[in-house]
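J.: any chance you can model this:
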Amino acid sequence: MIKAAVAGACGRMGRAIIQAIGSTDNIELAGALEHENHPDIGQQISEQGAPPVKIGSDLRSLSGGIDVLIDFTTPEGSLRNLETCAELGIPAVIGTTGLGEEQKEALRMYALRTPTVFSPNMSVGVNLLFKLAATAASALGDDYDVEIVEAHHRMKKDAPSGTALRLAEVVAQALGRNLAEKAVYARQGMIGERSADEIGIQTIRAGDIVGEHTLLLAGPGERIELIHRAHNRDNFARGAVRAALWIVGREPGLYTMADVLGI
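T.: Reported below is the predicted structural model:
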């Protein structure tokens, strides 16, 4: 039985992950973490039908009793936890978004010391979308304009979403473009004619939208749209638990959900 700890246990994703652990064979909740000032520190949380665990803030206090950490917190929090995982040899699944380039580089360095799955989106469907996007962009080439539109709930802090950025990276790689040079994140006023090689990434924040991503490839006389809509957070949580089961026992290194899913 794999023993998992969940960082960000009291958040939307943390609770969904704990529920997913409770409905999955061969894994159990062995630790729950929140930041040290969280009001629920010291309280108990549990998966359905399992003994409750106390919410703490110190990963080291759990190190003797966990096999894997699942972390959906903040860039700073995830890197602190991953540093501890690297020191103690604990595999990690990181689903946090909003990491800057320096933070991603730090994550890659920690992953050299402990097996780590990092993905901006753990959904099986979204990772299939990445695969389809690369295939479509490669086949259509430069004759088709690329636009990405993402929508999330009003409480989401980072924009564009990590999933939208990853989708843009996948398309840019397939087309041989440098995303840092070709991404366009907003348009207003007299902007002039659209350049042929730009990649538009637009953001919507409203209500309680769980997550919606559209890739639009528009060419002469037609357009193709690839759309993924999340109806709830369960698919992300199930993907994270699937990654946790997969990563235990792997060699140190940085893995993606494509590795987990074999696509």
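J.: tell me what the lowest-mean-pLDDT helix or strand in the chain is packed against?
T.: One helix or strand of the chain scores below all others by mean pLDDT, DSSP states H and E: strand 44-45, with a mean of 88. If you count contacts as 3 or more Cβ pairs under 8 Å, 6 or more residues apart in numbering; DSSP states H and E, strand 44-45 packs onto strand 53-56. Using the backbone N, CA and C atoms, a C-beta is placed for each residue, glycine as well.
J.: paired strands for the helix or strand just after the strand it packs on, with orientation please.
T.: Going down the chain from strand 53-56, the next helix or strand is strand 68-71, by DSSP states H and E. Here strand 68-71 is paired, per DSSP bridges, with strand 2-7 (parallel), strand 92-94 (parallel).
J.: can you map out the strands along the protein?
T.: Ranges of strands in the chain, per DSSP state E, are 2-7, 27-33, 44-45, 53-56, 68-71, 92-94, 115-118, 145-152, 183-184, 199-205, 211-219, 222-230, 253-255.
J.: buried residues in stretch 206-220?
T.: Ile209, Val210, Gly211, Glu212, His213, Thr214, Leu215, Leu216, Leu217 (16 or more other Cβ atoms under 10 Å).
J.: got any ranges where the stretch 51-200 of the chain has weak pLDDT?
T.: Counting by pLDDT under 70, the stretch 51-200 of the chain shows low-confidence ranges at 63-64.
J.: what about 50?
T.: Within the stretch 51-200 of the chain, no range satisfies pLDDT under 50.
J.: and the two most separated of the buried residues of stretch 206-220?
T.: Using Cβ to Cβ, the buried residues of stretch 206-220 reach their maximum pairwise distance at Val210 and Leu217, which is 24.3 Å.
J.: what lies in contact with the lengthiest helix in the chain?
T.: For the chain, the helix with the greatest residue count under DSSP state H is helix 124-140. For helix 124-140, contacts defined as Cβ atoms under 8 Å, 6 or more residues apart in numbering pick out 119, 121, 144, 146, 163, 166-167, 170-171, 173-175, 213, 215, 217, 219, 224, 226, 228, 230, 235, 238-239, 242, 256-258, 261, 263.
J.: kindly recompute the last result at 7 Å.
T.: 146, 163, 166-167, 170-171, 174-175, 215, 217, 219, 224, 226, 228, 235, 239, 257-258, 261, 263 (Cβ atoms under 7 Å, 6 or more residues apart in numbering).
J.: between strand 199-205 and that helix, find me the angle.
T.: 150 degrees (axes from the mean of the first three to the mean of the last three Cα atoms, to 10 degrees).
J.: what angle do helix 124-140 and strand 222-230 make?
T.: Going by the same axes, to 10 degrees, helix 124-140 makes 170 degrees with strand 222-230.
J.: can you give the distance of helix 124-140 from its chain's centre?
T.: 17 Å (Cα atoms, centre = their mean, to the nearest Å).
J.: average pLDDT across stretch 255-263?
T.: Mean pLDDT, computed over stretch 255-263, is 92.
J.: need the CA coordinates for stretch 30-42. PDB is fine.
T.: Provided in PDB are the C-alpha atoms of stretch 30-42 (Å, rounded to 0.1, in the frame of the first residue of the first chain):
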ATOM      1  CA  ALA A  30      -0.800   9.200   5.400                       C
ATOM      2  CA  GLY A  31      -0.300  13.000   5.700                       C
ATOM      3  CA  ALA A  32      -1.900  16.300   5.100                       C
ATOM      4  CA  LEU A  33      -0.100  19.600   4.900                       C
ATOM      5  CA  GLU A  34      -1.000  23.300   4.800                       C
ATOM      6  CA  HIS A  35       1.000  26.500   5.300                       C
ATOM      7  CA  GLU A  36       2.000  27.200   8.900                       C
ATOM      8  CA  ASN A  37      -0.600  30.000   9.400                       C
ATOM      9  CA  HIS A  38      -3.500  28.100   8.000                       C
ATOM     10  CA  PRO A  39      -6.500  28.100  10.400                       C
ATOM     11  CA  ASP A  40      -7.000  24.300  10.100                       C
ATOM     12  CA  ILE A  41      -3.500  23.300  11.300                       C
ATOM     13  CA  GLY A  42      -4.000  20.700  14.000                       C
END
